[in-house]
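In: Predicted model follows, preceded by the sequence.
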Amino acid sequence: MQLQFPPYKFNTKSEQNTNYVFDIVRKKYVVLTPEEWVRQHVLHYLVENKNYPASLLAVERGLVVNGRRKRFDALTFMPSGKPYLLVECKSPDIAITQTVFEQIAIYNSVFKAPYLWVTNGLQHVYIGYTADFKQYTFLTECPDYL
């Protein structure tokens, strides 16, 4: 499916009727689902177009929120190790709704990243928080890396 990203060269393979794509951050092949297709575009965009260091990205890792185990899609870090940009990816057929914003806001209650990005590959929403996290604004593009 064509997404709203620049074109990228992906390494893919097929084994036993399952398609895989090589993840440039995790350095391994992962099952190519519609959500993964979006996530891989996000990672390539951050690394190739926005100059985010791949070494300062975390992909599909667990976190605990209110005693419940969750999994975030992507999180970038500042050189200091503090979270910078938290990304929530959805399949292209999933609408970006209030529920999705609530999901990423709950995750960010743990990380306190100053920037959020919600995308289904067709629609992108970028949010920036004030330093005290009391207010936010919608941004017109993905924040540049530091």
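Out: Yes, it's here.

In: would you say residue 39 is within a helix?
Out: Yes - the secondary structure assignment for residue 39 places it in a helix, going by DSSP: H, G, I helix; E, B strand; the rest coil.

In: Burial check on the nearest residue to it once chain neighbours are set aside, number of neighbours?
Out: If the residues on either side of it in the chain are set aside, residue 39 comes closest to residue 89, at 4.5 Å by Cβ to Cβ, 6 or more residues apart in numbering. The C-beta positions use only the backbone N, C-alpha and C, and glycine is treated the same way. The burial metric for residue 89, expressed as a neighbour count using other Cβ atoms under 10 Å, is 26.

In: Number the residues from 54 up from this point.
Out: Right, with 54 as the first residue, what we last looked at is residue 142.

In: can you pull the contacts of residue 142?
Out: For residue 142, the contact set (Cβ atoms under 8 Å, 6 or more residues apart in numbering) comprises 88, 91, 92, 95, 126, 127, 172, 173, 174.

In: Share the number of residues neighbouring residue 59, please.
Out: The burial count assigned to residue 59 is 10, neighbours taken as other Cβ under 10 Å.

In: coming back round to it: mark which of the contacts of residue 142 are buried, thanks.
Out: With neighbours counted using 16 or more other Cβ atoms under 10 Å, those contain these buried positions: 88, 91, 92, 95, 126, 127, 172, 173, 174.

In: Quick one: those as a markdown table, columns for pLDDT too.
Out: Listed next are the buried ones among the contacts of residue 142 as a markdown table, based on pLDDT from 0 to 100:
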| residue | pLDDT |
| --- | --- |
| 88 | 97 |
| 91 | 98 |
| 92 | 98 |
| 95 | 98 |
| 126 | 97 |
| 127 | 98 |
| 172 | 98 |
| 173 | 98 |
| 174 | 98 |
